[in-house]
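In: got a structure for you, letters missing:
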């Protein structure tokens, strides 16, 4: 373990009370959680990240940037559906009082904060360990999602407990699904993380956690070294404090930069009284949270007034580049790149020269040139907003690799039309399925702003 991580852990562990073992020699502590659906807690979470980010510069060379993140979260959380078993689904409802972060690199800085209208959040963990969270009443943007989707998911924290009595110096191994969920890994290849009971004072059992976990984050290979300390309150029957330091080395991926960072996390969980529980969430909010479909919780909102549209997309689509009239997305599923999507804004067409399906097909055939094998489908319909939609599906080859292209043209009178071009290898067609249709079906064309001179956006690494 590196010296910097040793220093971080020593400093961070010092924020917990100094506990000495006052129990009788050999006494075992029952570390079974008493948490159940309907419980409400208040959570204060703080996170600090520091280290280096590795990204491509304008010439395509790898550049190292010093980076830091400071985040502060405060929220009430009600358990809607919960089980201590990692193989069972869980869901909670959160009301954020504070959700803000400051991000800095050598080149730029940004402050992010959750909008007041988006502060009631539903959090869901599926039986397979995949997680999703979104606004109860309004779909989050990617920036808002990234702001609240931080390490140390309080919905999972009680699953660290062994569910049995243990003596001081005794320990247990953690399952990959729980640890992976806590640190934000999509897929876990190696999980060697263990907790050990180290003492008890004032009815609080002190526990230490340590180990390594290897896997992927947003499809990029990641190795993490974990060191933590947490308290289990024997009367509250739950974890009330959790501190962890993470040393992560992540390789650059298709949708994310490389990282060499240390993250520090502090969670304080305070059970609320029955009176306060009644004030935290009303019946309508609880019922709405129960009714949310997992697919809806996975959707994010992308809105670009300068480019003239907004739409919903699965969180597996990542924005990878922006230009004045265009942006690019990539689809990552289970660590695999399945598709590319380019969205371009066009000038308003004359009313007497609307785009026809045949004209659009001719444009597609011309743009593909020698790569085209054949046009498989050409269709026209109206999406949910009533906009004209033209769709062309074509197949062919690029460097002998069989490809499928899906081109869409979305237009309405007096608005700037938009084209959506999707590229998928034919070998990935079944797994890709209709991942692009949510974008087309939910796309809304917006009125052009007073000034359409949008500033070019910098490429996102």
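Out: Here it is on my side, so go on. As the structure is a computational prediction, the values presented were derived from the model and not from experiment.

In: Using the three-state scheme, assign residue 287.
Out: Going by DSSP: H, G, I helix; E, B strand; the rest coil, the secondary structure assigned to residue 287 is helix.

In: quick one: pLDDT of the nearest residue to residue 115 once chain neighbours are set aside?
Out: Once flanking residues are discounted, residue 115 sits nearest to residue 144: 7.2 Å by CB to CB, 6 or more residues apart in numbering. Quick note: C-beta positions are derived from backbone N, CA and C, even for glycine. If you check residue 144, the pLDDT there is 95.

In: Am I right that residue 144 sits in a strand?
Out: No - under three-state DSSP, residue 144 sits outside any strand and is assigned helix.

In: Was I right to think residue 78 contacts residue 280?
Out: Yes - using CB atoms under 8 Å, residue 78 makes contact with residue 280 at a distance of 6.1 Å.

In: What is the burial count for residue 353?
Out: Residue 353 has 8 neighbouring residues, counting by other CB atoms under 10 Å.

In: ok, it - contacts?
Out: Residues near residue 353 by CB atoms under 8 Å, 6 or more residues apart in numbering: none.

In: Now do the SS call for it.
Out: Going by three-state DSSP: residue 353 is coil.

In: The helix or strand where residue 327 lies: partners in the sheet, and parallel or antiparallel?
Out: Per DSSP states H and E: residue 327 is located in strand 326-333. Sheet partners assigned to strand 326-333 using DSSP bridges are listed as strand 317-322 (antiparallel), strand 336-345 (antiparallel).

In: Reformat the ones you listed as CSV; add mean neighbour count, mean pLDDT and distance to residue 227.
Out: Listed next are the strands paired with strand 326-333 as CSV, based on neighbours: other CB atoms under 10 Å; pLDDT from 0 to 100; distance: least, CB to CB, whole Å:
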stretch, mean neighbour count, mean pLDDT, distance to residue 227
strand 317-322, 18, 95, 30
strand 336-345, 18, 96, 31
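
In: Which among the ones you listed is found nearest to residue 34?
Out: strand 317-322 (39.5 Å; CB to CB).

In: so how far is that closest one off the chain centroid?
Out: Between the centre of strand 317-322 and the centre of its chain there are 14 Å (CA atoms, centre = their mean, to the nearest Å).

In: which residues are common contacts for residue 78 and residue 280?
Out: residue 40.

In: can you list the strands paired with strand 326-333 in a markdown table and add distance to residue 354?
Out: Shown next, in a markdown table, are the strands paired with strand 326-333 (distance: least, CB to CB, whole Å):
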| stretch | distance to residue 354 |
| --- | --- |
| strand 317-322 | 29 |
| strand 336-345 | 17 |
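
In: Out of the ones you listed, which gets nearest to residue 411?
Out: strand 336-345 (11.3 Å).

In: what's that closest one in contact with?
Out: So strand 336-345 is contacted by 219, 254, 307-309, 317, 325-332, 416-424, 428, 431-432, 435-436, 439 (CB under 8 Å, 6+ apart).

In: how far does it sit from the chain's center?
Out: Its chain's C-alpha centre and that of strand 336-345 lie 19 Å apart, by CA atoms, centre = their mean.

In: Following the chain past that strand, name the next helix or strand.
Out: Strand 336-345 is succeeded, C-terminally, by helix 357-368 (DSSP H and E).

In: Rounded mean pLDDT for that next one, please.
Out: pLDDT averaged over helix 357-368 gives 97.

In: Can you get me a residue count around residue 44?
Out: Residue 44 has 15 neighbours, counted by other CB under 10 Å.

In: should've said residue 279
Out: Applying other CB under 10 Å, we find 11 other residues in the vicinity of residue 279.

In: part of a strand, is it?
Out: No - the assignment for residue 279 (three-state DSSP) gives helix, which keeps it out of a strand.

In: Could you tell me the per-residue confidence at it?
Out: On pLDDT, residue 279 comes in at 74.

In: for residue 384, same thing?
Out: 96.

In: cool, and residue 3?
Out: pLDDT, residue 3: 34.
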